[in-house]
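Asker: Structural data only, the sequence is not supplied:
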């Protein structure tokens, strides 16, 4: 039954290429037969990966797209998305060209979309702790921290491993996304999650193994840490403003507003009186301590209530199903 669904669905694979000449032919060869088209995006690759594929791959499903200038991995993926959508593909899968992803697992990503259980699927390397032994410790810690931050900014509290590049998306949902506004660099995976939340799409994590070989990551942590922090902070503010104050207003909106105000009041009131007592020596009275502590306690409880509400409002009804009704 699964194979029938796969062969009756138009599926395309997008592979962004930048410095992956040593791996790209094996990746292309590993794509399953039920995939109708393979878009290889040469993102102004200095190794000329696109030309290498054209010269050495006889697969008729392969189409190479050459970006005249480097757009970044996000920009390359968006070019592939646009091309696949224009040609009428129903589901578009994205995998990296460095051989870290097992293409035989593509069916695990597309079947939830075919069955209208999800609009967007993404890999999660953290499901099986056994396979995490292969992940470099710096990546393990970095991904854990980034996952927590992205939960806040995107609103997908049930999702982990946000930078995972193994994804699939329904074309019906893709057309609702502002592709020209999605980040063009390494932040694009996190940014697309934020955009998906705004349109209330359902995101599902798919367990995959953490696989590492001789490939070299093009992601430089030192160069991208600030853009990641800034991007997540901006997306968090935009998501909260849009979902809780522009598109909707609820008890949670008040909990967040008063939680922030009370916590800040208590903090700065207590800080100012602590400074005064340090200068004038007399200790703060019990009343002064309570005036500072009580707003912080109440404010913190309100903020926890808001987060609980936010967690329980993760999109659960697939947008694909709604759009087809």
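Answerer: Looks like it came in fine. Remember, it's a predicted structure, so these values are computed and weren't measured experimentally. Numbers count the residues shown, from 1 in each chain.

Asker: Residue 140: neighbour count?
Answerer: The tally of other residues near residue 140 (other C-beta atoms under 10 Å) stands at 16. To be clear about C-beta, it is placed using only N, CA and C from the backbone, and glycine gets the same treatment.

Asker: if I look at it, how far off is residue 154?
Answerer: With the distance defined as C-beta to C-beta, to the nearest Å, residue 140 ends up 21 Å from residue 154.

Asker: ditto for residue 167
Answerer: In terms of C-beta to C-beta, residue 167 sits 14 Å off from residue 154.

Asker: Those two - which one has more neighbours?
Answerer: More crowded of residue 167 and residue 154, by other C-beta under 10 Å: residue 154, with 25 against 21.

Asker: Local confidence estimate at the closest residue to that one other than its chain neighbours?
Answerer: Nearest non-adjacent residue to residue 154, counting by C-beta to C-beta, 6 or more residues apart in numbering: residue 193, 3.9 Å away. Note on residue 193: pLDDT of 96.

Asker: Kindly report the same for residue 131.
Answerer: pLDDT, residue 131: 67.

Asker: Could you grab the helix/strand/coil label for the residue nearest to residue 154?
Answerer: Per DSSP: H, G, I helix; E, B strand; the rest coil, the local secondary structure of residue 193 is helix.

Asker: Which secondary structure state does residue 101 sit in?
Answerer: coil.

Asker: How about the contacts made by it?
Answerer: 27, 95, 123, 165-166, 208, 211 (C-beta atoms under 8 Å, 6 or more residues apart in numbering).

Asker: Show only the entries of those residues found in strands.
Answerer: Residues of the contacts of residue 101 located in strands (DSSP state E): residue 123.

Asker: Let me know the closest of the contacts of residue 101 to residue 285.
Answerer: Each of the contacts of residue 101 was scored against residue 285 by C-beta to C-beta, and residue 123 proved nearest at 57.0 Å.

Asker: So what's the residue count around the closest one?
Answerer: So residue 123, with other C-beta under 10 Å, has 26 neighbours.

Asker: Longest helix of the chain, counting residues only.
Answerer: Ranked by residue count, the top helix of the chain under DSSP state H comes out as helix 251-280.
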